[in-house]
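# here is my input; please provide its structure:
(chains A and B)
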Amino acid sequence: MLAPMVWLGPILALISVLSYFEIFATWPVTRDVPWVNLTGLAIALGLSIAGLARSRRRALAAIGLVLTLFFGWIFVWYCYVFSSRLPGAELALDVGAAVPAVSLLDERGQAVDLEPLARGKLVLVFFRGHW
Amino acid sequence: MSELRGLQLRASDLESAGAKVVAISVDSVELNRGVVERLGLGFPVLSDPELVAIDAFGLRHRGGYPLAEPPATGDIARPASYVISGSTIRWRDLTENYRVRVDPTRVIDAIRNMGEADAR
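Presented below is the predicted three-dimensional model:
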């Protein structure tokens, strides 16, 4: 008999990975520390290990465990290795520097000068993009 | 982008602290319009496809978006938040991991601390 955890493990692992990008990364409480997704992966790993221990079809159960480990490894690598690969902060303007005069288009296509805004209190946020 | 949502949720605190908010990315005007509408943002999102402002602040992340389609180079902004007053940078937050963005509470604290320093 093929225990259900043999295939439930990798499916839960895959859902845990994909749901981070689709859902949990859009909210700070689940984005900065991806605890929901890591919990899902831990449960998936438990299911896969239990599947390997209980299933008579050892080869299939082993493939399930390998898949679960693979999805988990990708996620942890993305969260803690890939997303840390940023250019050095030493290149960026630091406290005390003058704000450069720049003019860019806003979302309505109208030119916005940074200079007059920077005279008052301004929060300027650079972000990676819409995706 | 989620940092924009976080700032919008604290819009009233930012306003009472007397600060305006401006966001910048390499995205097009059209994409930014979509973001502003979808997230219901009350502040402008500026388009910097040539990385003019991004370079002026030293924030270019070469190849930071490997899935970019030509003519886009895949160069984008490193996530960064600045608090500015009197045309001078007064506070900044450069995350070391781009998943971890600035906490709006820290931004608001920085604005308020700045106000107290100015009052002295």
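# give me the most central residue, chain B.
In chain B, the centroid-proximal residue (C-alpha atoms, centre = their mean) is B:Ala23; its distance is 4.1 Å.
# doesn't it lie inside a strand?
Yes: counting by DSSP: H, G, I helix; E, B strand; the rest coil, B:Ala23 is part of a strand.
# for chain B, which spans come out with low pLDDT?
B:1, B:115-120 (pLDDT under 70).
# and the strands in chain A, which stretches?
Using DSSP state E, the strands found in chain A span residues A:103-105, A:111-113, A:121-126.
# out of these, which is the most enclosed?
Of all the strands of chain A, strand A:121-126 has the most neighbours on average by mean count of other C-beta atoms under 10 Å in any protein chain shown, namely a mean of 23. Where C-beta positions appear, they are placed from N, C-alpha and C, glycine not excepted.
# by contact count, what packs against it?
If you count contacts as 3 or more C-beta pairs under 8 Å, 6 or more residues apart in numbering or on different chains; DSSP states H and E, strand A:121-126 packs onto helix B:2-9, strand B:19-25, strand B:80-85, helix B:104-119.
# go through the ones you listed and name the closest to A:Leu41.
helix B:2-9 (21.1 Å; C-beta to C-beta).
# switch the strands of chain A over to a markdown table; also include mean pLDDT and distance to B:Arg62.
Formatted as a markdown table, the strands of chain A follow (pLDDT from 0 to 100; distance: least, C-beta to C-beta, whole Å):
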| stretch | mean pLDDT | distance to B:Arg62 |
| --- | --- | --- |
| strand A:103-105 | 96 | 20 |
| strand A:111-113 | 96 | 26 |
| strand A:121-126 | 95 | 15 |
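# ok, which of those strands comes nearest A:Ala62?
The nearest among the strands of chain A, by C-beta to C-beta, is strand A:121-126 at 46.2 Å.
# what pairs with that closest one, parallel or antiparallel?
strand B:19-25 (parallel), strand B:80-85 (antiparallel) (DSSP bridges).
# next one: the longest one to chain centre, how far?
Its chain's C-alpha centre and that of strand B:19-25 lie 5 Å apart, by C-alpha atoms, centre = their mean, to the nearest Å.
# and what of the last one?
For strand B:80-85, the separation from the chain centroid amounts to 8 Å (computed by C-alpha atoms, centre = their mean).
# redo the strands of chain A as TSV? Include distance to B:Asn97.
Formatted as TSV, the strands of chain A follow (distance: least, C-beta to C-beta, whole Å):
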stretch	distance to B:Asn97
strand A:103-105	27
strand A:111-113	30
strand A:121-126	15
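# between those, which gets nearest to A:Glu22?
strand A:121-126 (23.1 Å).
# name the residues that touch the closest one?
Strand A:121-126 is contacted from outside by A:99, A:114, A:118, B:3-4, B:7, B:14, B:17-25, B:53-54, B:57, B:59, B:77-85, B:102, B:107, B:111, B:114-115, using C-beta atoms under 8 Å, 6 or more residues apart in numbering or on different chains.
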